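Peer 1: Give me coordinates for this.
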Amino acid sequence: MAFFDKNLVPNLVALVLIGLGLLLPEPIGKFVFYTGLFALSGAVTNWLAVHMLFEKVPGLYGSGVIPLHFEEFKTGIQKLVTRELFNRESVERFFQNNQDQKNIDLEPVIKNLDMDDAFDQLVAVVMDSSLGGMLGMFGGEKALDTMRDPFKARMHDFLLTTVRSPSFQKNLNKQLQSITQSDDFVDRIGAIVKNRLDELTPEMVKEIIQRMIRKHLGWLVVWGAVFGGIIGFISAFFLV
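Peer 2: Residues are numbered from 1 along each chain as shown. You can find the predicted model right below:
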């Protein structure tokens, strides 16, 4: 357990103050007691509120908000992606703002291409052609295998030169703009997002949101105890 558990420590401190308040003489005991009592009330109330976000509590209406409304969360995420991130206006604006910037870098993709497969396909075509019988007299496919490494190097160089050329980059950007500006682009993106979201269960949605915010919501318990304690201390002036 962490040294400072935001859900546990405030409650323990509040309980200690209540115990001390019962033991200390008046009027100090009264101030300490009410400080601890109100601090415990604030901490427990906020802890329960955080707990009710993620878990259903029997008898408490409105608890288990996130699991119960996970369909609404999924719909909200889908709308955020399709309407805000990938709407036609934002995509067009992106290309307008970036059309004069650095070219699209395809070199990492090309460097990872499997040129062995391309060479094997070439050999298969040659061997199936009218030259196959002739090459069979000179070792067949094994004879052609000496060309494998030079072929791979030349193909890499050719493809790299091609993707770096201004004409290729211009055409690539044009095609990308054409795709992203098409009427069904948003629908395609929406379908992809929806298919992924449909795989989520209420438990998975709860866990995702918990990972994002629960540790930060723990501070609600801490501050609930702090402000509750302050209110309790001030209230002690007016309580008999």
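Peer 1: quick one: buried residues of whichever helix or strand residue 226 is part of?
Peer 2: Using DSSP states H and E, residue 226 falls within helix 202-235. Using 16 or more other C-beta atoms under 10 Å as the test for burial, helix 202-235 gives 202, 205-206, 209, 214, 217-218, 220-222, 224-226, 228-229, 231-233. (C-beta placed from N, C-alpha, C; glycine too.)
Peer 1: Same question for stretch 18-26.
Peer 2: Here stretch 18-26 shows 18, 21 as buried, counting by 16+ other C-beta under 10 Å.
Peer 1: The least confident helix or strand in the chain by mean pLDDT: what's the following helix or strand?
Peer 2: Here the helix or strand of the chain ranked lowest by mean pLDDT, DSSP states H and E is helix 88-98, holding a mean of 63. Toward the C-terminus, helix 88-98 is succeeded by helix 107-111 as the next helix or strand (DSSP H and E).
Peer 1: buried stuff in that following helix?
Peer 2: Neighbour-count burial for helix 107-111 [16+ other C-beta under 10 Å]: residue 110.
Peer 1: what's the answer for stretch 157-176, then?
Peer 2: For stretch 157-176, by 16+ other C-beta under 10 Å, it's 159, 163.
Peer 1: can you offset everything so residue one is 99?
Peer 2: Done: numbering now begins at 99, and the last item shifts to stretch 255-274.
Peer 1: can you give me the mean pLDDT across it?
Peer 2: Across stretch 255-274, pLDDT averages out at 77.
Peer 1: picking that back up, tell me the helices and strands packed up against the helix holding residue 324.
Peer 2: helix 107-121, helix 126-152, helix 163-166, helix 168-177 (3 or more C-beta pairs under 8 Å, 6 or more residues apart in numbering; DSSP states H and E).
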